[in-house]
Each structure stands twice: as structure tokens, then as C-alpha cells.
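Enquirer: I would like the atomic coordinates for the input below:
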Amino acid sequence: MIRKLRLKFVCVNMGIVTVMLLVIFSTVLRFTQLDMERQVQGTLESLLTSSGSIFWNWVDKDREAQLPGFRVNLDQNRGVVNAVSGSVDITDLQNLPQILEQIWQSGEESGQVEGYDLWYRYQRTPFGWAVAFADTSSHQATLDNLYKNCALIAVFSLLLFLGISFLLARWAVRPVEQAWTQQRQFVADASHELKTPLTVIMTNAELLQDSERSQEEREKFTDNILTMTRQMRGLVEGLLDLARADRGADTGTFAPLDYSELTANCLLPFEPVYFEKGLFLESQIEEGIRVRGGEDRLRQVLDILLDNGVKYTSDAGTVRVTLRRQGSQCLLRVAGPGEAISREDLKNIFRRFYRRDQSRTGGGSYGLGLAIADGIVREHGGRIWAESAGGINSFLVQLPVHSG
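Expert: Below is the predicted model of the structure:
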């Protein structure tokens, strides 16, 4: 798929470049031809209207350059009287009678002589006829060179743009490739997480159908099914939260709220949980900090960070929650002692289904919590990251302060 997308990108890009080159070169060639035709007609006009017997390639500075040419004067019966020119050697024009015959047969007062690099125009005079000729061999050579140069430039440009297009295709498709890889990984991880509880549910359901099982065993099988069902529900809810974060929040529903009060209220339900686990929960919250956002969504971020504190803080450790203002931003920190987080884990810890200990499964943890928190924080125009130093693991959330 990605390869086809790159190829399509290159084809579209090369098609656009080809059309642009055709338009540019066609325009240049067309205007060049028109300019040359204008010079030819100007030369013919000068030859027919001049009363002198010598014609120059260049006239005075106020007039444009003239092409080499000559004029043939004819009598009433169209017989050649004389031919005069100061710029073209006409002594070797043995085919002049055939040229004149071709002109009379064409019936056109102006045009190009077939087989010769000559343009002509004739008009009636008091003594007969006057036919002017302009030598366009230099113009034809210029056009030929121009065609060759345009062809060479076109080939070189297409090859150059082809190479650039391949580089651009790799760069442009890279986000799509990354998204495609992440999607495949996401589906694989989600399938893996769902496979275990589904297997447990199916196994216990089959055992329930065994009539030889005791009532005590049946109750145990039922409890197992309910436990796995709750875990699956938690996983599905987490996936829905991630989908909501990917879709983007409706910022129109955001409203100013007291973030200090929200943080303090979120700590209350976790105090007995920490106490039962033999942990301590301390807080230092600066009052009056207001942000603009969704109350339930920001509460979910705090719940995720505090729940992680319960799971991963060392025994008898103290988790400290601080909230303070930093200029136009506010910084929330949830820090506690625990096993040091490596640099690699710090980079990947907010990825979906990522666990520091890949062998650790169950317990209601699917590696989605921090990914959900990351999505919510980004919805609110902030950022979230983790730090680990001196035996203390910290999770920090930075949000813009609402000044209204």
C-alpha cells in the first residue's frame, strides 16, 4: 500500500511538472515565432515602401532591426525588370522564375515560399508589380536551436524532478507510513489483549455446561467470567477514550474552570486507597489557577496519574502532587519513589499498550492509561512527559492558564 502510494505521488508530481514544462516551452516558442513573423512583415513592408535601391540589415536607432531581403520589380506583364538589394546576393537566383510562378499560382499576396527560407509579399505599382522577399534562414536556425535547447532542458528537468519526486514521496508518505504501522500494531495489540479474557470466558462457560460440576465450582467459573468481562469492558472503554482523543475534542464545549480546586477534589478519593496500600499522599497546590477545558477529561488525567502512583510507587513511599503557576502556563507534577525508568521507557511510556515490563499483564492494566492522558492533554493545548532521577519518578502536565 505504501509503495503504491509513493508511486502514485511520483506519477502525479511528474504529470504536473510535465504539463508545466509543456505550457512554459509552448508559450516561449509561440511568442518567439510571433516575434519573428512580426520582424518578417516589418522587413517586407520596408522593402515595398522604400524608394532607395539599397536596403540595410539595420536602420536608424528608432526602428527595429530588419532581416536580409531584396525586392524584384516586374512590368505590367509580370516580367522581371530588375532586382535590387544591399544585403542578399541575388546574382545566383536562377530559380527566380519558378519562385515567382509559385507565388502567382498560390494567389496569396503574402506567405512563405515552399522549399526556400523566404517570405514574400507583393503589391501593384504604377509601373507593374513589386515583390519583396525576406530571408528567414537565420530565423529558422534560431528556431531549430530553440527546439533543441527546449528538448534538452525538458529531458534534464524531468530527470531532475523525477529524482526530487522520489525524495519528496518518501518524505511526504512517511507520516502515512508511520500511521499505518501504528494502526497495524494497535490492531495486533488490541487483539492480543482481547484474546486472553475471551479465552478465559469461553473456557469457564464450557465448564459451566458440565453437569457434573459442583455448585461451588460453578460459582467460581461465574466469578471468573465476570472478572474477565469487567477487564474487557475496561479495555473497550480505554479504546473508546483513545478514539475520542484521535478524533479531537470539541473545543466549543470547553469552559473556564478552577484547576486548583479540581486537583484538590481528585485527591480525596485516592487518600484511603493510598492508606490501604501503605503509601502516603501529600499535596502542595497553588490556589486560583484557572484553565479552559473539559472538567471530566482533566479529572481523568489526574485519576490516571494517581492510579499509576498506587501501582508503581515503592512500599511505604510518598507520592507528592504539586500544582503551581509558571508565567502563562501551569505545571502539575505527580512524583513518587519507584524503580528507575530508563531513557528508552521515557520515550515510549506514552505509547498505546506499552508496558515497562512486557511480561506484566492483567491487573486491569493494558498500557492505555498514559496514552489516554497524553491525548487529553494535547486536546487542551498542553503537553505531558515523564522524568526519572534520584530514585524519584515524576509525571508532569503543562497547561495554558486561562486569563479571563
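
Enquirer: all contacts plus neighbour counts: C-alpha atoms, from now on.
Expert: OK.

Enquirer: the domain parsing of the protein - what is it?
Expert: Using automatic domain parsing, the domains assigned to the chain come out as 2-142, 251-400.

Enquirer: So which of those is the most surrounded?
Expert: Each of the domains of the chain was given a mean neighbour count from mean count of other CA atoms under 10 Å, and the largest, a mean of 17, is that of domain 251-400.

Enquirer: just how off-centre is that domain within its chain?
Expert: Distance of domain 251-400 from the chain centroid (CA atoms, centre = their mean, to the nearest Å) equals 34 Å.

Enquirer: same check, this time on stretch 190-197
Expert: Distance of stretch 190-197 from the chain centroid (CA atoms, centre = their mean) equals 35 Å.

Enquirer: and what of stretch 197-210?
Expert: 50 Å.

Enquirer: Which positions within it qualify as buried?
Expert: With burial defined by 16 or more other CA atoms under 10 Å, the residues of stretch 197-210 counted as buried are 197, 200-201, 204-205, 207-208.

Enquirer: Farthest pair within those residues?
Expert: The most widely separated members of these, counting by CA to CA, are P197 and L208 (16.3 Å).

Enquirer: Distance check, G381 against F270.
Expert: Between G381 and F270 the distance is 27 Å, computed by CA to CA, to the nearest Å.

Enquirer: now do V173
Expert: As judged by CA to CA, V173 and F270 stand 45 Å apart.

Enquirer: Show me the strands in the stretch 201-350 of the chain, by range?
Expert: For the stretch 201-350 of the chain, the strands defined by DSSP state E, counting those that start in this stretch occupy 255-258, 280-285, 290-293, 318-326, 329-337.

Enquirer: Contacts for the second one, please.
Expert: With contacts defined as CA atoms under 8 Å, 6 or more residues apart in numbering, strand 280-285 is touched by 260, 263-264, 271, 274, 316-324.

Enquirer: Direction included, what does that strand pair up with?
Expert: Applying DSSP bridges to the sheet, strand 280-285 is found paired with strand 318-326 (parallel).

Enquirer: Could you tell me which ranges of the stretch 51-200 of the chain sit under the pLDDT cut-off?
Expert: Applying pLDDT under 70 to the stretch 51-200 of the chain flags residues 51-66, 85-93, 182, 185-186, 189, 192-193.

Enquirer: mind redoing it with 90?
Expert: For the stretch 51-200 of the chain, the stretches with pLDDT under 90 are 51-119, 123-144, 150, 154, 157-158, 161-200.

Enquirer: returning to that earlier point: if we take the buried residues of stretch 197-210, which one ends up nearest to A335?
Expert: For the buried residues of stretch 197-210, the minimum distance to A335 (CA to CA) is 32.6 Å, reached by P197.

Enquirer: Next, the buried residues of stretch 219-237.
Expert: Neighbour-count burial for stretch 219-237 flags 221-222, 224-225, 227-229, 231-232, 235 (criterion: 16+ other CA under 10 Å).

Enquirer: Let's see which of those end up in helices.
Expert: Secondary structure defined by DSSP state H assigns 221-222, 224-225, 227-229, 231-232, 235 of the buried residues of stretch 219-237 to helices.

Enquirer: what are the ranges of the strands in the stretch 51-200 of the chain?
Expert: So, for the stretch 51-200 of the chain - with DSSP E, counting those that start in this stretch - the strands run 69-74, 80-84, 110-113, 118-125, 128-135.
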